[in-house]
Structure formats: C-alpha cells, structure tokens
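Colleague: just to be clear, the model below is a prediction. Sequence and coordinates:
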Amino acid sequence: MSKHGKVLVAMSGGIDSTVTAMMLHDQGYEVIGITMKTWDYANSGGSKKETGCCSLDSINDARTVAVDMDFHHFIVDIREEFGDYVIDNFVNEYVAGRTPNPCVLCNTHIKWSALLKRADQLDCEFIATGHYAKIGEANGRKFVTKAIDDHKDQSYVLWGLSQECLSRSKFPLGPFTKPEVRQMAKDWGYDELSKKGESYEICFVPDNDYRGFLKRRDPSLAAKVAGGKFLNKKGEVLGEHDGYPFYTIGQRKGLGLAFGVPMYVTDINADSNTVVLGEVDELLRNGMRVAQVNSMKYPTIPDGIEARTMIRYNDKGALAKLTNVDSQVQVEFMANVSGVAPGQSAVFYEGDDVVGGGLIYASSLMPR
C-alpha cells in the first residue's frame, strides 16, 4: 500500500515527464506510467523522421525508466480521439482565417480526458504531468499558477482545465527550474536523459511546416484558395497571394512581395480570400473579444477586473480591463498591443494566478 495513493503519470519519454514520475515514486506514491500514442507523422506524408512524444524511441525511453524503478507502464493508442478533434479543428481554424493553438485544445479536451478515463480504470486518485506550473487554491476553487521558472512556465496552455481536472492533477515540476530538473535526472543516473533537448514543435507537424501539413491533409485546399489578393487598409490591391490559410497575423517573411518598408499581415478575411498588409504600427490593437471563456480562480470572471493578459505563449502580457459581455469577455488594453490573432488563446493573470482564459474571437481598435 502506497503512502500517498496511486497516481497516473503521463510519460512522453522526455526529461520533464520522466523526472515527474521518478519524483512521485520517491515521494511514496504508487506510480503508474502511461504513454499516449497520439499521431503517426508518416501518415501525413511528411519527409521528416517521426520524433517527439509519439516516436518509438520515446516510448521505449519511458518504458525503460518504469522497468528500472519497478512501476507499471502502459501504452495507450488515442490516435482516433486525437485526430478527429484536434487535427480537424487545426485545419478548420486555418480555413476560417484564424490561427489555432492545438496544444491548448489537446490539453483541455483530449489529454486530460484520456488520463482521467484511464485513471478511473486503474483506481488512481491522481494524474500528473511534466508541465511547469503549480496549482493554487482559494475560496474553495483550484486554479493554475505560474511556475518558478519564468522561461519554462506553461500555465498559459492550461487555462482550459476544469475544476474536476485540477482537483486530481499534480504538477511536481512547478517549484523547480529546468537546470534543477536536468540535475535530478543526472543524480538518478540518467545522464543521457539529462541532456535531452527540448521539443517546441506541434507533435503532428514536427517539421514546423504547417502550410505543408494543411496541403497534405486536404490536397484540394491550395487550389480552392489560390489567387486571392493582398490589400492595404484602404482596400487597394498590392498583389496576389497563395491562399489566406497560409498566412498568420504578424507574418512578415514569405509574402513574395517587395516594399520600401517592412510589411506585415494585419488582417485575414476568409470570406473574400484577402490578406491585409500594413506597416508595423498597423498591427496595434487596444481591445479584443474573447469567447469560450473558462473562469478558473473565480466562479465567473469578475466584471471590471484588471488583469495581465497574455495573447500568445511566452508573451510578457499587457495590463487590461475585463468586462463580461453576454458569454464573452471584452478586453480593453491599457496600452496598445501588437499582433492580436483570432484563434489564439488569451489568458488572464492576477499576479501569478490564472484568473481564466479563452479563445480570441476578434480584435478591435476602439476610440480612446
């Protein structure tokens, strides 16, 4: 009988999830490791060798540690669950002219659901992951709070977790820096593991070429959206583009046009297959609407609260006033911010605590 109960640990084979499992095992939990097979990159037609959490090497690395430390380890195939939801959403969002963040969607709707389902089947009270974040509690509610390591903090991608998920989740790495985690792996005798590199790509686009992925996923897409126009803010035609799904807000390179000054994608219109270009100051916005909001620290987002708002991963955030409007949140930035992209996540912070978050529905430049 374990001292603290049973915990199901999501093990990708990487250093963070592996150290998470070893830490909990040492603390007296009965650890069960689980590696989830989410995607076969070869099926997308990509040329790069499969890497990351879905590769055979990574699965074997996770299993090796479980054998060494004498705890159970399972491999679970969730490719059907993952593909039907996350990948279809990824494609559909680009086709709608938005810029998705599949990692947020996967955490909220796939990984935690799959983990809790298997945890119940295995009589595990808790689940644990290698995310750099912490869990706080106040007023009878649990919420995500930032990790100690600012460079590794992953609280931004966890805004969608429900109270049920948070009540059963553990993030053991939150109080540690990445160098400390590497040292732990080394101290446990896993020198090669301690040197493992980071993986920043989307797991099903490991070559980082999302445009190629979209074309392989839907071979007719390029032809359907070809021949659209680049416009300026006045509506004047600047040239022809390759199709609006292949551009993102803030993009400067790869436009195929030469101007006397740097030009950026400032807006995307799927209905007219047009992409608006402008100079850097035309990326500035002082407001946005956020939909599909999950309030984490409070039962609902407090009306009029001022919160530091992040609009992309590793964004420093900007102070903003939040107002509830119907089922959405209107965000008014105290100072203009650049590159607000519909489809990305907006996450609201009170100090280090995640108040809540949602998906950017539309940006706006409101009169001051």
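Modeller: On my side now, so go ahead.
Colleague: lowest-confidence helix or strand of this structure?
Modeller: When each helix and strand of the chain is scored by mean pLDDT, DSSP states H and E, helix 79-82 comes last, with a mean of 81.
Colleague: how close does A119 sit to V76?
Modeller: 12 Å (Cβ to Cβ, to the nearest Å). Glycine gets a C-beta too; all of them are placed from N, C-alpha and C.
Colleague: so between those two, which is more surrounded?
Modeller: A119 (21 against 16; other Cβ atoms under 10 Å).
Colleague: once you drop chain neighbours, what's closest to the more buried one?
Modeller: L8 (4.4 Å; Cβ to Cβ, 6 or more residues apart in numbering).
Colleague: what sits up against the least confident helix or strand of the chain?
Modeller: Contact partners of helix 79-82, identified using Cβ atoms under 8 Å, 6 or more residues apart in numbering, comprise 37-40, 106, 110, 113-114.
Colleague: just the buried residues of these.
Modeller: Using 16 or more other Cβ atoms under 10 Å as the burial test, the contacts of helix 79-82 include 37-39, 106, 110, 113-114 as buried.
Colleague: count of residues packed around E125?
Modeller: 15.
Colleague: my read: it touches V7, true?
Modeller: Yes: with contact defined as Cβ atoms under 8 Å, E125 counts as touching V7 (7.1 Å).
Colleague: can you map out the helices along this protein?
Modeller: Counting by DSSP state H, the chain has helices at residues 15-27, 56-69, 79-82, 88-95, 102-106, 112-121, 163-167, 178-187, 191-194, 210-217, 221-225.
Colleague: domains for the chain, by residue range?
Modeller: 6-130+172-194, 220-278 (automatic domain parsing).
Colleague: now do the contacts for the residue lying closest to R182 once chain neighbours are set aside.
Modeller: Of all residues not flanking R182 in the chain, S194 sits nearest, at 4.6 Å (Cβ to Cβ, 6+ apart). S194 makes contact with 15, 182-183, 185-186, according to Cβ under 8 Å, 6+ apart.
Colleague: can I get these in a markdown table with neighbour count, distance to F348 and pLDDT?
Modeller: Listed next are these as a markdown table, based on neighbours: other Cβ atoms under 10 Å; distance: Cβ to Cβ, whole Å; pLDDT from 0 to 100:
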| residue | neighbour count | distance to F348 | pLDDT |
| --- | --- | --- | --- |
| I15 | 24 | 30 | 93 |
| R182 | 19 | 32 | 95 |
| Q183 | 14 | 34 | 95 |
| A185 | 21 | 34 | 93 |
| K186 | 14 | 38 | 94 |
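Colleague: can you list the residues you listed in TSV and add distance to W159?
Modeller: Below are the contacts of S194 laid out as TSV (distance: Cβ to Cβ, whole Å):
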residue	distance to W159
I15	25
R182	27
Q183	30
A185	29
K186	33
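Colleague: so which of the residues you listed comes closest to D267?
Modeller: Here the nearest of the contacts of S194 to D267, counting by Cβ to Cβ, is I15; it sits at 40.4 Å.
Colleague: what's the spacing between Y85 and C106?
Modeller: 8 Å.
Colleague: now swap in D150 and tell me
Modeller: Relative to C106, and taking Cβ to Cβ, D150 is found at 24 Å.
Colleague: could you do I87 as well?
Modeller: Per Cβ to Cβ, I87 is found 10 Å from C106.
Colleague: A133 now?
Modeller: According to Cβ to Cβ, A133 and C106 sit 16 Å apart.
Colleague: wait, T309 touches F348, no?
Modeller: Yes: here T309 lies in contact with F348, judged by Cβ under 8 Å, at a distance of 5.5 Å.
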